[in-house]
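Chemist: Any chance you can model this:
(one chain, ligands or ions: 2)
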Amino acid sequence: MQADQDQPALRHVLVSGGAGFIGSAFARNFVRDHPEARVTVLDKLTYAGNTQNLAPVWDEPRFRFVQADICDYDAVAPLVVEADTVVNFAAESHVDRSIMDPDVFVRTNVLGVNTLLRAARDGWKAGGYAGKRFLQVSTDEVYGHVGEGATAEDAPLAPRNPYSASKAGAELMVFSYGTNFGLPVVVTRGENTIGPYQYPEKATPLFITNAIEDKPLPIYGQGRAVRHYVYVDDHAAAIDLVLRRGAPGEAYNIGNDVEVNTVRLAETILDLLGKPRSLMQLVPDRPGHDYRYNLDYRKTLALGWQPQYADFEKTIGATVAWYRDNQDWWRTIKAGEYQEYYKKQYAVLAGA
Ligand code: NAD
Ligand code: TYD
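Modeler: Ligands and ions are numbered 1, 2, ... in the order given. Okay, the predicted model is just below:
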């Protein structure tokens, strides 16, 4: 832990990966909630990035978008120097893709984070680190499968798939820059997040959009794996709070208490859309499937986090409604590169 407890300035926040699902919610909400602050979104625009996710803030004078790769030091460094805060969402984020092709996960999630850290360490050094923050957005998956009980922030990291291993590697790099160089770093570890603008490869938007299209909902194994589903605006609010009140050198869990297995997730979605449960189709299990995560998130509550969507029915209801009402957004995605991925990942489904 570091002694440095100074307050972050938050005059200019660099949001890397801010054209993705959670990063765009954070950027939209941050522009709205901090009328004095400037926000620069840096994003490579991989298959998962989409500037449409930023449409509500695009014309705001305090907002700027820059297309760049977090692995490109020369592109990143001037953007970091201009800012006093980095909030890093940029990542390859889907477990199934990490099992197919781990390399890009190591590149972006580990090397890219090191590049951002190096840019912050070197770029902010001359002016001192007071008022600066580097927040790394991490995941509950770094704890690995949790058989029973709940993991608090001091639990050992035990990731079991290439995605979570790369995210754990990133965290360790982040903390090492705090320990060795005095960079004021914080880490958040969020549970599964759902809501508007989530790329339809993750279970929830995949199930919702398939159900709307009367296509099968692929359930891995027996569908008994357990997750907790946090609404995206609650996740973004927790990150905003940790940025302002979190102690440098610390990690903060972001979660809730409602355990939902995959069958319940699928059934709830089908019921909300008035679709038959016969659309659920059991498919071979994900290798190395983590069957349960469960966070002890009292440390984040103690900072003052007040989630608005603690109830699963409300969370999934709002999410289903958004996909029902914004079909142009996801139908465009599903018509593109997505189809190649879908065929490869779900070859077992007839007509995938
Ligand atoms: P996402 O896949 O929707 O977005 C990732 C964004 O990063 C995209 O806009 C993409 O273009 C960008 N990106 C990827 N590689 C890049 C690179 N090399 N340089 C610059 N930009 C790059 O992901 P998400 O679901 O919004 O997740 C955001 C962060 O939150 C990730 O770090 C993820 O590990 C973490 N997280 C996600 C969840 C979840 O349930 N989705 C839960 C906990 C933590
Ligand atoms: P996912 O959204 O990929 O998130 P996680 O990173 O937590 O694995 O998957 C959520 C749960 O749903 C997880 O237990 C795996 C399961 N799942 C399916 O059963 N079928 C699917 O097609 C997908 C993508 C996930």
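
Chemist: Report pLDDT for Gln7.
Modeler: Predicted confidence (pLDDT) for Gln7: 89.

Chemist: Mind checking what secondary structure it has?
Modeler: What DSSP: H, G, I helix; E, B strand; the rest coil gives for Gln7 is coil.

Chemist: so who does it touch?
Modeler: For Gln7, the contact set (Cβ atoms under 8 Å, 6 or more residues apart in numbering) comprises Gly131, Arg244. In this view, the C-beta of every residue, glycine as well, is placed from N, C-alpha and C.

Chemist: Okay, helices next: where are they in the stretch 251-352 of the chain?
Modeler: 262-273, 298-303, 312-325, 327-334, 338-345 (DSSP state H, counting those that start in this stretch).

Chemist: and those helices as TSV, adding distance to Asp84, mean neighbour count and mean pLDDT?
Modeler: Formatted as TSV, the helices of the stretch 251-352 of the chain follow (distance: least, Cβ to Cβ, whole Å; neighbours: other Cβ atoms under 10 Å; pLDDT from 0 to 100):
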stretch	distance to Asp84	mean neighbour count	mean pLDDT
helix 262-273	40	19	98
helix 298-303	20	16	98
helix 312-325	33	18	98
helix 327-334	33	15	98
helix 338-345	37	15	96
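
Chemist: Tabulate those helices in JSON lines, adding columns for distance to ligand 2.
Modeler: Listed next are those as JSON lines, based on distance: least, Cβ to the nearest ligand atom, whole Å:
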{"stretch": "helix 262-273", "distance to ligand 2": "4"}
{"stretch": "helix 298-303", "distance to ligand 2": "19"}
{"stretch": "helix 312-325", "distance to ligand 2": "12"}
{"stretch": "helix 327-334", "distance to ligand 2": "14"}
{"stretch": "helix 338-345", "distance to ligand 2": "8"}
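
Chemist: how about those, which one is nearest ligand 1?
Modeler: Ligand 1 lies closest, by Cβ to the nearest ligand atom, to one member of the helices of the stretch 251-352 of the chain: helix 327-334, at 11.1 Å.

Chemist: Specify the angle between that closest one and helix 312-325 in degrees.
Modeler: Here helix 327-334 runs at an angle of 80 degrees relative to helix 312-325 (axes from the mean of the first three to the mean of the last three Cα atoms, to 10 degrees).

Chemist: So is helix 327-334 next to ligand 1?
Modeler: No: applying Cβ under 6 Å from any ligand atom, one finds helix 327-334 out of contact with ligand 1, separated by at least 11.1 Å.

Chemist: residues touching Tyr229, list them.
Modeler: With Cβ under 8 Å, 6+ apart, Tyr229 has these contacts: Glu191, Asn192, Thr193, Ile194, Thr204, Asn256, Val258, Val260, Leu265, Phe312, Thr315, Ile316.

Chemist: Show me which of those is closest to Tyr346.
Modeler: Lowest distance from Tyr346 to the contacts of Tyr229 (Cβ to Cβ) belongs to Thr204, with 16.0 Å.

Chemist: now the closest one: how far from ligand 1?
Modeler: 9 Å (Cβ to the nearest ligand atom, to the nearest Å).

Chemist: What's opposite the nearest residue to that residue once chain neighbours are set aside in the beta bridge?
Modeler: In space, not counting the residues next to it along the chain, Thr204 is nearest to Ile194; the distance is 4.5 Å by Cβ to Cβ, 6 or more residues apart in numbering. Listed by DSSP bridges, the beta-bridge partners for Ile194 are Tyr231.

Chemist: I'd like the numbering to begin with 147 instead of 1 from here.
Modeler: Yes, from this point I'll number from 147; that puts the last item at Ile340.

Chemist: Report the buried residues of stretch 327-340.
Modeler: For stretch 327-340, burial by neighbour count (16 or more other Cβ atoms under 10 Å) applies to 328-340.

Chemist: and that stretch, what's its mean pLDDT?
Modeler: Summarised as a single mean, pLDDT over stretch 327-340 is 98.

Chemist: Could you tell me which residues of the protein lie near ligand 2?
Modeler: Close to ligand 2, as judged by Cβ under 6 Å from any ligand atom, the chain has residues 241-242, 338, 348-349, 352, 364-366, 371, 373, 408, 432.

Chemist: and the helix or strand containing Leu387, C-alpha only, in PDB?
Modeler: Using DSSP states H and E, Leu387 falls within helix 378-391. Extracted C-alpha coordinates of helix 378-391, given in PDB (Å, rounded to 0.1, in the frame of the first residue of the first chain):
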ATOM      1  CA  VAL A 378     -23.500  -1.200 -16.600                       C
ATOM      2  CA  ASP A 379     -24.400   2.300 -15.100                       C
ATOM      3  CA  ASP A 380     -23.900   0.900 -11.600                       C
ATOM      4  CA  HIS A 381     -20.500  -0.500 -12.700                       C
ATOM      5  CA  ALA A 382     -19.500   2.900 -14.200                       C
ATOM      6  CA  ALA A 383     -20.700   4.700 -11.100                       C
ATOM      7  CA  ALA A 384     -18.500   2.500  -8.900                       C
ATOM      8  CA  ILE A 385     -15.500   3.200 -11.100                       C
ATOM      9  CA  ASP A 386     -16.100   6.900 -10.800                       C
ATOM     10  CA  LEU A 387     -16.300   6.600  -7.000                       C
ATOM     11  CA  VAL A 388     -13.200   4.500  -6.700                       C
ATOM     12  CA  LEU A 389     -11.400   7.100  -8.900                       C
ATOM     13  CA  ARG A 390     -12.400   9.800  -6.500                       C
ATOM     14  CA  ARG A 391     -12.300   8.100  -3.100                       C
END
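
Chemist: Right, I'll leave it there.
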